[in-house]
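*Asks:* return atomic coordinates for the entry below.
(one chain, ligands or ions: 1)
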Amino acid sequence: MALLSDFCHFIYEALKCSKKLKLTVAFALLRKPLKDNLFYLEWLLVNRPEFLKMFKDGLSEPTTDARRGVIKLAVDSIATPGLYGSDLIYDFRYKKSANFGFEGNWNKANHLITTFHDFKTEAQNFNFVFGGEAERDTQLRFLYTRLPYLLNYVVEVMESLLENIEKTDSAYIESMRLRRLAGLTIWAQSLDPAHCGWDIERFSEKLKEYLKTECPKCSQVYSPDLKLTGILYEGGKIRCPLCGSVSRLPLKYVRLVA
Ligand SMILES: [Zn+2]
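*Replies:* This next block holds a predicted model:
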């Protein structure tokens, strides 16, 4: 819980800084929770005995293979396996040479001068400190074409991890997941894939597969009307297009069908 609490404090302050357009600080604050805290939470989810043994004996820096292995298992363990890509989640957080990942911005936010060839500081410059409006827009676009994806993945990791500790009403969990998926759908549809730098169209297709539920009135499986996803996300109401009944979340019985 302390590891999660620390994660939330950093993310919360990062989002507040982002809202105030203090983007260098926002990027700097995102580094530890997404690279460190999240990895140990993923490890706790996929192999708690191994983590606890290593923690007791003294943790060392995990290897690339170990990180990739844990993330792959975590992506397969959550309630929406196949929705998130383990390679993409690894590359966003750790791959230095992936120009669509956070490493470049994290290094630039934390150091005035960087020498790694993919994000080397130009002559007569310091990283980020001389940026104007155009650079700010680029940084905002970078952040908001990636962060909702990663943070929704984190919610899934935590839901699964906490389910192992204390059971929660599954209909409530599924109702909230349906609502988040509706929010993610609205987000994904609002983005221009050409600005994303990663395959958001593939993710949108996967989202459609998961945004299905069983009507509590007529028991038929349906995909919510995409025009009404705003009402589902914001207002917690869902309309079955097959029998016309409107239900309010949390539904009594929910079955997400992938
Ligand atoms: Zn129905």
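*Asks:* burial measure for the nearest residue to Ser97 once chain neighbours are set aside, as a count.
*Replies:* Spatially, and ignoring its direct neighbours in sequence, Ser97 is nearest to Asp118 (5.5 Å; Cβ to Cβ, 6 or more residues apart in numbering). C-betas here are computed from N, CA, C, even on glycine. Close neighbours of Asp118, defined as other Cβ atoms under 10 Å, add up to 14.
*Asks:* quick one: contacts for Asp118?
*Replies:* 96-97, 99, 104 (Cβ atoms under 8 Å, 6 or more residues apart in numbering).
*Asks:* are any of these buried, and which?
*Replies:* Gly104 (16 or more other Cβ atoms under 10 Å).
*Asks:* between the contacts of Asp118, which is nearest the ion?
*Replies:* Within the contacts of Asp118, the smallest distance to the ion is 46.2 Å, found for Asn99 (Cβ to the ion).
*Asks:* A strand includes that closest one, no?
*Replies:* No. Counting by DSSP: H, G, I helix; E, B strand; the rest coil, Asn99 falls outside a strand, being coil.
*Asks:* domains in this protein, by residue range?
*Replies:* Split into domains by automatic domain parsing, the chain comes to 2-167, 171-258.
*Asks:* reformat those as JSON lines; add mean pLDDT.
*Replies:* JSON lines is the format used below for those (pLDDT from 0 to 100):
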{"stretch": "domain 2-167", "mean pLDDT": "92"}
{"stretch": "domain 171-258", "mean pLDDT": "87"}
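*Asks:* not counting its neighbours along the chain, what's nearest Leu147?
*Replies:* According to Cβ to Cβ, 6+ apart, the nearest residue to Leu147 is Leu30 (7.8 Å).
*Asks:* quick one, phi/psi of Lys22?
*Replies:* Phi and psi for Lys22, reported as degrees, to the nearest 10, are phi -90, psi 80.
*Asks:* check contacts around it.
*Replies:* Contacts of Lys22 (Cβ under 8 Å, 6+ apart): none.
*Asks:* once you drop chain neighbours, what's closest to Thr64?
*Replies:* Per Cβ to Cβ, 6+ apart, closest to Thr64 is Tyr94, 7.3 Å.
*Asks:* distance check, Lys227 against Arg239.
*Replies:* From Lys227 across to Arg239, the span is 10 Å (Cβ to Cβ, to the nearest Å).
*Asks:* okay, the two: which has more neighbours?
*Replies:* Using other Cβ under 10 Å as the criterion, Lys227 and Arg239 rank with Arg239 on top: 17 against 7.
*Asks:* ok, now which ones touch the closest residue to the more buried one other than its chain neighbours?
*Replies:* Excluding the flanking residues, the one nearest Arg239 by Cβ to Cβ, 6+ apart is Val246, at 4.8 Å. Going by Cβ under 8 Å, 6+ apart, Val246 touches 237-240.
*Asks:* filter these down to the ones near the ion?
*Replies:* Filtering these for proximity to the ion by Cβ under 5 Å from the ion leaves Cys240.
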